[in-house]
Structure formats: C-alpha cells, structure tokens
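Asker: predicted model follows, preceded by the sequence.
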Amino acid sequence: MAEKDSELQTAKETQAGDDPPKGDFHVQKKSPKLCGSNYPLSIAFIVVNEFCERFSYYGMRAVLTLYFISFFHWDENLSTAVYHAFSALCYFTPVIGAIMADSWLGKYKTIIYLSIVYVVGHLIKSVGAIPSLGNQAVHVVLSMVGLFLIALGTGGIKPCVSAFGGDQFEEEHTSERSKFFSVFYLSINAGSLISTFVTPVLRGDVKCFGEDCYALAFGVPAALMVLALVVFIAGSGLYRKTPPQGNVLLEVCKCIGFAIKNRLKNRSHQIPKRDHWLDWASEQYSKQLIAEVKMVTRVLFLFLPLPMFWALFDQQGSRWTLQATKMNADFGIYVLQPDQMQFLNPLLILVFIPIFDLGLYPLISMCKFNFTPIRKMATGMILAGMAFGLAAIVEVKINETDMPQLVPKESLIQVLNLAKNPVQVTIQDQNLFQQPVEAFQNPDEYSHLILNGEQQSLRFILQHQGSSLAFNYTVKEKSVYSLIVFEAEGSLSSRLITDLEAKPENGLAAVRFINGLSQDVNLTIDSKQFIPVQRNYGVSGYSLVERDTYDNGKCITETGEFTLDLGLLDFGASYTVVITNVSGGGVQTWKSEDIKANNVHMAWQLPQYLLISAGEVMFSITGLAFSYSQSPASMKSVLQAGWLLTVAVGNTLVLVVAQAAPMAQWAEFVLFTVLLFAVCIIFSIMGYFYVSVDPEDLEEKEEKRETPSRGNMISLVTQKTKL
C-alpha cells in the first residue's frame with residue numbers, strides 16, 4: 001500500500017501546478033474525448049495499464065516468501081531477508097526512473113523501455129519456477145535475475161505513470177483531472193486486492209509437476225504485465241507527450257553538495273558566518289533554489305524516524321505470512337491459503353479511508369481536539385506497534401503446539417503399544433513411564449530422555465503379562481523417537497523408529513504407516529502417492545499431504561484391494577497410522593497424532609491486520625499530504641523520492657535484523673514493537689518543535705533576507721574556481 005499512496009501523491013503533484021508549459025508539447029491538437037466529456041480517451045489506456053501492472057506486481061510478491069521456503073528450501077530468516085531486499089530495491093529504483101524521465105527520455109519512453117525490462121523480468125522469474133528446468137542453482141540464478149529486472153521495472157515506472165496521466169488533461173480541466181486521479185487510485189487498489197487473493201489460489205490449489213504450481217502463480221502476473229505493455233502502446237497515438245524538463249532532484253543534490261563542499265573549504269574564522277549552511281551555495285545557485293531546498297531539508301529531517309514504520313508494515317508479506325502457515329485456515333465454507341491473508345490490507349484500506357475522512361476525523365474535530373498531521377502519524381505508529389504486539393501474542397499461542405526445543409544431550413521419546421494388553425516400559429537410568437502404557441493408547445506428549453553424550457546405548461525393559469523382556473537401542477541426542485511395542489509369533493517385540501523433529505511446513509500434514517498384517521501392502525492416499533509397507537510391523541517413510549479428509553484411499557494386499565479411510569489429516573499435524581486388520585472390504589486402522597495440529601485459527605490475525613491498516617491510513621496518507629503542504633511546488637518530486645527512500649530503508653532494517661540477530665519469532669515481534677514505540681517518541685519530540693509553514697510565505701521571507709554580496713566574497717577559497 002505504500003507505493004499506492006506514493007503514486008497518488010505523484011499524481012497530485014502534477015495536478016497541483018507542475019504542468020509543463022504549453023510550448024513543451026510536441027503536439028497541441030486536442031485529444032479525442034470519452035463519450036463527449038472532457039476526459040481524454042488516452043486515460044482509459046493508462047488506467048487499464050496501471051490495473052494490470054499492479055496486479056502483476058502484487059500477485060507475484062504475494063507468493064514470493066513461500067516460494068523461497070518451499071521451492072528453494074531456504075530457512076525463514078534467509079527467505080525474509082531476500083524478500084525485503086527485493087522490496088527495498090523496488091523503492092530505490094524510482095529515483096532512477098525519475099532521472100531517466102526528466103533528464104533523458106521523457107515519461108512516455110521511460111515507461112515503454114522499463115516496462116519491457118519489467119516483462120522480461122517476469123518471464124525469467126516464471127521460467128525459473130519450472131522444477132524440471134535445471135538444478136536448484138539454475139532456479140536461484142534465474143529467480144534473482146528476474147527479481148532484479150522486476151524491481152528495476154516497477155520502481156522505474158512508479159513516478160512516471162500517474163504524472164503521465166495528469167499530462168493528458170488540458171489546463172482548464174482541473175476538475176476532470178482530479179476525478180481521474182481517484183479512478184487511478186481505485187485501479188491500483190483493485191489490482192492489488194484481486195491479485196493477492198487470486199495468485200495464492202493458483203499456487204496452492206493448482207498442482208503442476210507434482211507440487212504447488214509456482215510457475216503458474218508467476219506466469220499469470222507475467223501475462224498481465226505483457227497485457228499492460230500492449231495496452232499502453234495501443235494508446236500511443238492518443239497521448240500528449242512532453243519532452244524532458246530537467247530533473248530537480250539532481251539540482252537539489254548538486255546544491256547541497258556544493259554548499260557542504262564550499263563550507264568545508266572556507267573554515268577560516270576570518271570568513272563571515274552565514275545564517276544557514278545552505279547559504280554557502282549562493283555563489284553558484286539562485287536565492288530561490290536555496291530557499292526551496294531549505295524548506296525541503298526541514299521536512300526531510302522529519303523523515304529520519306519514518307523507516308521504522310515501514311520495517312513493520314512490509315512484514316505482512318514475510319513474517320506474517322509465515323505465521324499464517326502455522327495456523328488453522330479452515331473458515332468452514334472456504335480454506336484460505338496462508339499468503340491470501342495479505343488481501344485484507346487493500347480491502348481494509350478501501351474501507352477505512354472514507355470512514356476516517358468522513359467520520360473519525362470530523363468527530364475528533366467536534367471534540368475540539370487539534371489532531372495535527374504529526375499527531376496522526378504518531379498515532380499510526382502506535383497502531384502499527386500494537387499490531388506487532390498482537391502478532392507476538394498470537395505467535396506465543398502458536399508455539400504451544402510446536403515440538404519441544406531439542407537441546408544437546410537430550411532426546412524425545414513416546415511409546416506406541418500395539419499389543420493387546422498393557423505394557424510397563426522401563427528405560428535404563430531414566431525415570432519415565434511410571435504407569436503401564438495401555439493398548440493403543442494415544443500418547444499425550446513426548447517424554448525427555450537425558451543422555452550422557454552425543455549418543456548412548458540404553459536398555460529398555462518391557463513387562464507384559466508377568467514376563468519381562470529387555471532390548472538395547474542406541475539413542476542420539478537432539479532426536480525424536482517412537483518405541484513401538486507389538487506381538488510377533490506369540491511373544492512381545494519392539495522397534496525404535498525415528499519421528500519428525502518439527503511440524504510439517506506450510507500447513508501440510510505428515511503421515512506414515514505401520515503394517516500390522518502378515519502380508520505386504522501397497523497404499524495410495526490421494527491417487528497420487530504410492531506407498532509400499534512391509535509385513536509384520538514394517539514402517540513407511542513420512543508422506544506430506546494437503547490438509548483434507550482422506551476417506552477414499554486404497555490398500556492393496558495379496559488377497560485383494562480394500563478401502564483405506566484415514567479421516568481428517570489436519571494442518572501441521574504428524575500422524576502414525578497402524579493397519580491392524582482387513583475385513584468387510586475395508587481396512588481397520590488406528591491413528592496416533594504424534595504432533596498436534598495447528599489449533600490457533602487464522603482469524604486471530606484479523607485484529608493485527610485491522611490495526612496496521614488503520615495505522616497506514618493515519619501514517620502514510622497523512623504523511624504524504626503533510627510533506628506535500630510543506631514544500632514548494634517545484635520540490636514536491638524531491639519529497640516524493642525522499643518518502644520512497646524511507647520505505648526502502650525500512651525494508652533494509654528488516655533484512656539486517658533477520659540475518660544479524662536471529663531470535664525466536666515472538667521475541668522479534670516484541671523487538672520491533674519496542675523499537676517503533678521508541679521511534680514514535682523521538683518523532684513526536686521532533687514534531688513538537690517543528691513549526692508548520694506556508695511555502696509561499698517562506699519564499700517571500702527568503703527573498704527579503706539580506707545575503708552577502710559577491711563583492712564580500714573576495715577572500716573565499718571558492719573565488720579560485722571562478723564562481
């Protein structure tokens with residue numbers, strides 16, 4: 001949503017008086033109108049282009065984190081770091097696009113050329129998601145190249161499209177241009193909302209190459225970007241195109257750089273001081289430019305604490321999506337994909353904007369409370385911090401169903417008694433299983449085995465119906481085991497098998513089978529997986545399946561084919577299914593839930609999405625409007641670039657935390673909450689001392705100020721450079 005607001009702000013800058021002079025138009029003929037109105041026909045192509053481009057970007061980004069984890073098998077920290085590195089790059093590159101458009105190619109050619117780069121990036125990214133194409137190194141290289149080109153394309157055209165749309169209107173049609181920007185903003189949100197809901201469905205509900213179809217989930221956004229480019233080119237003959245006007249951002253940077261350089265060269269106490277450090281640029285730059293740069297630097301100074309908000313906000317696509325993979329996504333009539341939860345943000349933004357503008361803010365004004373822009377932004381920070389506080393609480397509840405943390409010289413064990421009578425289990429040097437284990441008793445939880453080294457041979461004594469049997473097994477540290485006890489050939493026997501050490505990823509369920517029959521069996525769960533299991537308590541490996549009710553499996557034995565009913569295999573659970581008998585055309589089974597299913601519902605993420613979306617409305621929209629009001633017309637693009645860079649820096653902060661200081665996820669959420677609250681206090685103090693100004697009034701004051709004449713600067717070092 002950050003780029004949505006920033007694109008709208010770029011559009012407003014065009015609306016507010018940055019129209020190019022008439023003489024700069026290549027063609028002054030009047031553009032065809034829509035249905036006899038004052039709306040140029042060309043804006044229809046621009047709006048459709050923007051919808052398709054936003055669909056392609058948000059759709060691709062929605063599934064990106066899970067792609068890194070499931071397809072590349074990266075861990076959560078690396079996946080989060082790369083996701084935010086890509087997001088940061090998307091906000092650094094608008095500066096490149098603005099310079100290209102204003103100083104070299106013009107808006108139209110910049111959009112065309114960078115859209116081609118954008119399309120190529122999408123195509124490379126989609127090809128890189130085809131599993132049969134090369135090894136993992138090939139996939140990683142193709143994906144990273146594709147993401148780099150996408151970041152260059154989406155960031156480069158970001159400051160151009162909305163401003164180009166504003167250029168299509170004639171100067172007298174300001175009302176129509178204002179309504180166009182509303183439609184333009186609606187197209188951005190519509191593309192975001194639809195894509196963040198649809199592409200996770202293409203990823204998770206459609207299977208290709210035997211797994212989640214990431215090639216399709218990336219391919220559809222690529223097709224939309226191709227369509228966006230085709231639509232934009234189709235309107236070429238209708239556009240009003242302006243030549244490059246020169247980039248004010250470069251002029252500002254040169255002015256600041258010259259002022260600093262000039263000041264450092266003239267540090268002598270004999271040289272008269274100046275009222276402001278930017279006055280040291282007066283030898284080369286006009287008073288008006290220096291006055292405007294002063295206004296800009298005042299606002300940019302206020303921007304310094306803002307990246308921390310974006311550090312939290314953009315984790316909706318990374319940490320919050322990963323949190324959703326560990327939750328129960330069954331909403332009764334629909335099972336939500338974990339990366340689909342992101343669609344709540346654009347939906348809530350569309351709901352909150354009219355509520356805040358027409359309801360909340362007027363109500364606060366009626367209460368005689370001066371709810372200044374600084375206070376609104378600080379409130380937005382507080383709401384975002386509260387959202388992460390709730391995320392930490394949800395994470396703690398999720399961890400209650402996790403496997404215990406494995407530590408050195410310790411392992412976990414449970415007993416599965418598949419015999420007909422209770423069995424007393426005693427383990428050498430361990431004080432476990434005080435009560436006999438009942439037949440087919442579902443264990444409540446794993447017990448801890450304390451070892452004397454990295455591995456240890458332990459003696460297991462089984463007492464059953466007055467007899468006692470002993471078995472020796474080697475147990476390794478930081479491992480998880482099940483001791484299965486069964487009757488074979490009239491006597492008690494046992495086997496120590498290895499279990500999963502952590503929950504299955506991405507909300508999948510894991511299931512394995514123990515064959516208690518005297519004949520080999522071949523099992524199919526969902527008509528796709530073929531699982532052979534040997535006779536006499538042979539154990540299969542784990543199979544990962546989607547959460548579903550599996551009541552139509554097949555069990556093929558030497559005597560025939562039988563129906564296999566496993567019931568519900570739930571999100572994040574691990575099951576051991578024991579085949580005990582075959583009768584009546586069906587297989588009799590006993591199912592043990594070794595790792596508990598995800599019992600925290602995904603709906604518990606709704607409060608944190610509500611808070612952070614409300615925080616965005618107060619922070620982002622207010623911040624852009626405030627910075628717009630505090631800068632002269634010619635400098636609004638500079639503040640636009642500064643605003644986008646705060647988003648880039650915020651994503652960089654997440655990257656640093658994810659890689660440099662790995663910690664428990666709930667603790668990381670708390671860390672970000674505390675950091676944002678601290679930054680909010682700093683920002684509030686800065687805002688308290690900030691005095692709002694009218695740029696026009698400040699310009700008049702700067703004109704009246706007395707500045708040293710060039711005749712007084714004879715002794716300056718810069719005189720040597722003939723300035």
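Answerer: Yes, it's here.
Asker: look up how far Phe460 lies from the closest residue to Gly204 other than its chain neighbours.
Answerer: The shortest distance from Gly204 to any residue other than its chain neighbours is 4.5 Å, reached at Gln337 (C-beta to C-beta, 6 or more residues apart in numbering). For the C-beta atoms, the positions are set from N, CA and C on the backbone; glycine is no exception. Per C-beta to C-beta, to the nearest Å, Gln337 is found 44 Å from Phe460.
Asker: who's more crowded, the two?
Answerer: Using other C-beta atoms under 10 Å as the criterion, Gln337 and Phe460 rank with Gln337 on top: 26 against 21.
Asker: could you pull out the helices for the stretch 251-400 of the chain?
Answerer: 287-303, 307-313, 319-324, 344-355, 361-366, 373-399 (DSSP state H, counting those that start in this stretch).
Asker: adding mean pLDDT, mean neighbour count and distance to Ile111, write those out as JSON lines.
Answerer: As requested, the helices of the stretch 251-400 of the chain are exported to JSON lines (pLDDT from 0 to 100; neighbours: other C-beta atoms under 10 Å; distance: least, C-beta to C-beta, whole Å):
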{"stretch": "helix 287-303", "mean pLDDT": "85", "mean neighbour count": "19", "distance to Ile111": "26"}
{"stretch": "helix 307-313", "mean pLDDT": "96", "mean neighbour count": "25", "distance to Ile111": "25"}
{"stretch": "helix 319-324", "mean pLDDT": "95", "mean neighbour count": "25", "distance to Ile111": "31"}
{"stretch": "helix 344-355", "mean pLDDT": "92", "mean neighbour count": "18", "distance to Ile111": "23"}
{"stretch": "helix 361-366", "mean pLDDT": "90", "mean neighbour count": "12", "distance to Ile111": "35"}
{"stretch": "helix 373-399", "mean pLDDT": "95", "mean neighbour count": "21", "distance to Ile111": "32"}
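Asker: how near is the residue nearest to Gly204 to Lys326?
Answerer: Between Gln337 and Lys326 the computed distance is 14 Å (C-beta to C-beta).
Asker: repeat that for Cys253.
Answerer: Distance of Cys253 to Lys326, given as C-beta to C-beta: 46 Å.
Asker: for those two, indicate the residue with more neighbours.
Answerer: Taking other C-beta under 10 Å, Cys253 and Lys326 do not tie; Lys326 has more neighbours (23 against 13).
Asker: need the contact list for the closest residue to that one other than its chain neighbours.
Answerer: Computed as C-beta to C-beta, 6+ apart, the closest residue to Lys326 that is not its neighbour in sequence is Ile398, at 5.0 Å. By C-beta atoms under 8 Å, 6 or more residues apart in numbering, the contact set of Ile398 is 323, 326-327, 598, 600.
Asker: can you get me the start-to-end distance on stretch 510-527?
Answerer: 16 Å (C-alpha to C-alpha, to the nearest Å).
Asker: now that stretch: how far from the chain's centre is it?
Answerer: 40 Å (C-alpha atoms, centre = their mean, to the nearest Å).
Asker: same question for it, mean pLDDT?
Answerer: Mean per-residue pLDDT for stretch 510-527: 91.
Asker: do the same with stretch 180-193
Answerer: Rounded mean pLDDT across stretch 180-193 is 85.
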